[in-house]
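> Okay, structure incoming, though there's no sequence with it:
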Ligand SMILES: Nc1ncnc2c1ncn2[C@@H]1O[C@H](COP(=O)(O)OP(=O)(O)OP(=O)(O)O)[C@@H](O)[C@H]1O
């Protein structure tokens, strides 16, 4: 298959807002893709190279040759070229890499160059496309969507599932291949995620008629811990293996009375009185290999789910049954919870936990299975103050005390159909350290500079608090944030995981002020 086919499909998908049309375009392309090409094509459609690192910088892309008139590049040849670039190291490697990239770009048409540039810079990365791609894979392979989704949950990624289903040869063989993706102890699955509600009553009402569990929401880092005998591995929300950095978590899980287990929870550092330490401290602790800091700030695990125990896969069981197992295997290391569907009782629990320094609650449907990777309605988070994870689209040069710094940031919500919708600006909440950090970071993300405003590659996620939402004729989404202020820059989230304009509109719709409980 020619790269031009992938590039044309990728642009056509971005250009239409219709989900059905997008899906049809993807199905058509997948049907034309050879089995050996699926791993590459599936990645490129999601905006990613197969190589985690090519060593190519944004700068080197600036000076690429003009486009070729006719398409000639085969996707497998393109993948091989990136593989060669990724493999280069040592003196002279940078020049050799640029030479390879120059040859590649010179052979590419204008459309192909846009695709290649986006793949290298990461601009095309689109987590939102994953769901659509799975849908298209199901249709192209002639198997039920559920089977594809289940497999992707287990695999923690789209591409291996697409390859297995489309490479199988027949729908029957594809189904058998998909059934081969099971929870394997030692291999992380994507964590289940939560929707949000403005207050406890709304969250509980949303689960009307179902049994409800209300968990304390701890503000630490998500950990998925796999134990097989004495072998314990700890994975983050983005499935990175941090085992070596958190020996104290390993020790706790190794001491539990089970042989194999997969636990989901939050790790947190506490102060001497048992209150949670600020998130920043927990996060920097889990990111460090510095033994001294590690010893000074001990992390503790608080589990809220169990996916597997001693050979039994529990993901399909209702939460209430999983929790019974969790309490038996991880006693003493479990998140506080109350079982109630009474809004007043849930509200009391929320108030108590927030006073004790926790972040809020997660209201959970006790009859729901564990839905890896999904942000469905089975878990709903409620926080006392309203926050959104937005993407920084541009930044303005500071003046006065902020002369020489990049200061006022433009905030965008993700548009599920592609791109970002600006919701406002803020220069509030930033500490001097954050200002120094963002000046450096945004310098690296800069794509255009009119002397006042610097436009950025939309990659940096920022968590902002705000007092409410107001209608706006100034901003394209028709809504604007009131009194937005920066809480922190999030290193654990990609732009593809930022909050969407739909979420913002839903908050605006619910009573308007969005300040929460
Ligand atoms: N009891 C709990 N049950 C589930 N998740 C919990 C719990 N306590 C804390 N959490 C954290 O809350 C997150 C769920 O919220 P969400 O799925 O929206 O992820 P997020 O966007 O990282 O959330 P946030 O930024 O609000 O922490 C989980 O990823 C987990 O880290």
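Noted; the coordinates are in hand. Predicted model, so just to flag it, every value in this text is computed and none were measured.
> gap between the two ends of stretch 84-100?
From its first residue to its last, stretch 84-100 covers 8 Å (Cα to Cα, to the nearest Å).
> Can you point out the buried residues in that stretch?
Neighbour-count burial for stretch 84-100 flags 85, 86, 97, 98, 100 (criterion: 16 or more other Cβ atoms under 10 Å). Heads up, the C-betas are built off the backbone N, CA and C, glycines and all.
> farthest-separated two in those?
Greatest spatial distance in the buried residues of stretch 84-100: 86 and 98, 13.8 Å, computed using Cβ to Cβ.
> In stretch 319-337, which of the residues would be classed as buried?
319, 322, 323, 325, 326, 329, 330, 333, 334, 335, 336, 337.
> and that stretch with the ligand, contact?
Yes - judged by Cβ under 6 Å from any ligand atom, stretch 319-337 comes into contact with the ligand at residue 335.
> Get me the contact residues on this structure for the ligand.
Neighbours of the ligand within the chain, by Cβ under 6 Å from any ligand atom: 191, 193-194, 215, 217-218, 222, 237, 266, 304, 335, 362, 375, 381.
> can you put these in JSON lines and add secondary structure, pLDDT and distance to residue 484?
Below are the residues of the chain next to the ligand laid out as JSON lines (DSSP: H, G, I helix; E, B strand; the rest coil; pLDDT from 0 to 100; distance: Cβ to Cβ, whole Å):
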{"residue": "191", "secondary structure": "coil", "pLDDT": "93", "distance to residue 484": "27"}
{"residue": "193", "secondary structure": "coil", "pLDDT": "94", "distance to residue 484": "23"}
{"residue": "194", "secondary structure": "coil", "pLDDT": "95", "distance to residue 484": "22"}
{"residue": "215", "secondary structure": "strand", "pLDDT": "98", "distance to residue 484": "28"}
{"residue": "217", "secondary structure": "strand", "pLDDT": "97", "distance to residue 484": "22"}
{"residue": "218", "secondary structure": "coil", "pLDDT": "95", "distance to residue 484": "25"}
{"residue": "222", "secondary structure": "strand", "pLDDT": "96", "distance to residue 484": "25"}
{"residue": "237", "secondary structure": "coil", "pLDDT": "92", "distance to residue 484": "24"}
{"residue": "266", "secondary structure": "strand", "pLDDT": "97", "distance to residue 484": "26"}
{"residue": "304", "secondary structure": "strand", "pLDDT": "98", "distance to residue 484": "30"}
{"residue": "335", "secondary structure": "coil", "pLDDT": "98", "distance to residue 484": "30"}
{"residue": "362", "secondary structure": "strand", "pLDDT": "98", "distance to residue 484": "24"}
{"residue": "375", "secondary structure": "coil", "pLDDT": "83", "distance to residue 484": "23"}
{"residue": "381", "secondary structure": "strand", "pLDDT": "94", "distance to residue 484": "20"}
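> Which one of those sits in the busiest neighbourhood?
When neighbours are counted by other Cβ atoms under 10 Å, residue 215 leads the residues of the chain next to the ligand with 27 neighbours.
> Would you map the helices across the stretch 51-200 of the chain?
With DSSP state H, counting those that start in this stretch as the criterion, the stretch 51-200 of the chain has helices at 58-62, 75-87, 93-106, 110-121, 129-141, 145-155, 159-167, 171-179, 200-205.
> same question for the shortest one, mean pLDDT?
Right, the one you point to is helix 58-62. Per-residue pLDDT over helix 58-62 has a mean of 69.
> what bits of the stretch 51-200 of the chain have low per-residue confidence?
By pLDDT under 70, the low-scoring segments of the stretch 51-200 of the chain are 57-59, 126-128.
> can you map out the helices along the stretch 201-350 of the chain?
Using DSSP H, counting those that start in this stretch, helices in the stretch 201-350 of the chain cover 247-254, 279-287, 291-296, 319-329, 343-355.
> sorry, back to before: shared neighbours, residue 86 and residue 98?
With contacts taken as Cβ atoms under 8 Å, 6 or more residues apart in numbering, residue 86 and residue 98 have no neighbour in common.
> Out of the buried residues of stretch 84-100, which is nearest to residue 162?
residue 86 (21.8 Å).
> residues in contact with that closest one?
Counted by Cβ under 8 Å, 6+ apart, residue 86 has contacts 51, 52, 53, 54, 55.
> Which parts of stretch 298-315 count as buried, going by neighbours?
Buried, per 16+ other Cβ under 10 Å, within stretch 298-315: 299-309, 313-315.
> What of stretch 490-510?
Of the residues in stretch 490-510, 490, 492-501, 503-505, 507-508 count as buried by neighbour count, 16+ other Cβ under 10 Å.
> among the helices of the stretch 201-350 of the chain, which is nearest residue 484?
Of all those, helix 279-287 sits nearest to residue 484, with 18.9 Å by Cβ to Cβ.
> Buried residues in that closest one, which are they?
Of the residues in helix 279-287, 279, 281, 282, 283, 285, 286 count as buried by neighbour count, 16+ other Cβ under 10 Å.
> ok now that helix, how far from the chain's centre?
Centroid displacement of helix 279-287 relative to its chain, using Cα atoms, centre = their mean, to the nearest Å, is 18 Å.
> again, but for stretch 160-169
Worked out by Cα atoms, centre = their mean, stretch 160-169 lies 24 Å from the chain centre.
> contacts for that stretch?
Residues from elsewhere that reach stretch 160-169, judged by Cβ under 8 Å, 6+ apart: 30, 33, 35, 38-39, 42, 133-134, 137-138, 140-141, 143, 148, 151-152, 155, 174, 176-178, 180-181.
> still on that earlier bit, buried only: go through the contacts of residue 86 for me.
Buried members of the contacts of residue 86, counted by 16+ other Cβ under 10 Å: 51, 54, 55.
> how far away is the second one from residue 78?
According to Cβ to Cβ, to the nearest Å, residue 54 stands 12 Å off from residue 78.
> swap in the first one?
Using Cβ to Cβ, one gets 11 Å for the distance from residue 51 to residue 78.
> Which of the three states applies to residue 477?
coil (DSSP: H, G, I helix; E, B strand; the rest coil).
> Residue 16 versus the closest residue to it other than its chain neighbours, what's the distance?
Sequence neighbours aside, residue 421 is the residue nearest to residue 477 in space, at 4.1 Å (criterion: Cβ to Cβ, 6 or more residues apart in numbering). Applying Cβ to Cβ, the value for residue 421 to residue 16 is 18 Å.
> before we move on, what about residue 357?
Residue 357 is 47 Å from residue 16, by Cβ to Cβ.
> Just the buried subset of the contacts of stretch 160-169, written out for ChimeraX, thanks.
To isolate the buried members of the contacts of stretch 160-169 in ChimeraX, using 16+ other Cβ under 10 Å:
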select :30,33,38,39,42,133,134,137,138,140,141,143,148,151,152,155,174,177,178,181
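> before we move on, back to that, tabulate the helices of the stretch 201-350 of the chain in TSV, adding columns for mean pLDDT.
Listed next are those as TSV, based on pLDDT from 0 to 100:
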stretch	mean pLDDT
helix 247-254	96
helix 279-287	81
helix 291-296	78
helix 319-329	98
helix 343-355	95
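> Just tell me which of those ends up closest to residue 47.
Ranking the helices of the stretch 201-350 of the chain by proximity to residue 47 (Cβ to Cβ) places helix 279-287 first, at 25.7 Å.
> the inter-axis angle of the closest one versus helix 247-254?
Put simply, helix 279-287 runs at 80 degrees to helix 247-254, going by axes from the mean of the first three to the mean of the last three Cα atoms, to 10 degrees.
> Report all helices and strands that helix 279-287 contacts.
If contacts are counted by 3 or more Cβ pairs under 8 Å, 6 or more residues apart in numbering; DSSP states H and E, helix 279-287 sits against strand 221-228, strand 260-269, helix 291-296, strand 299-309.
> between the ones you listed, which gets the lowest average pLDDT?
The minimum mean pLDDT among the helices and strands packed on helix 279-287 belongs to helix 291-296 (a mean of 78).
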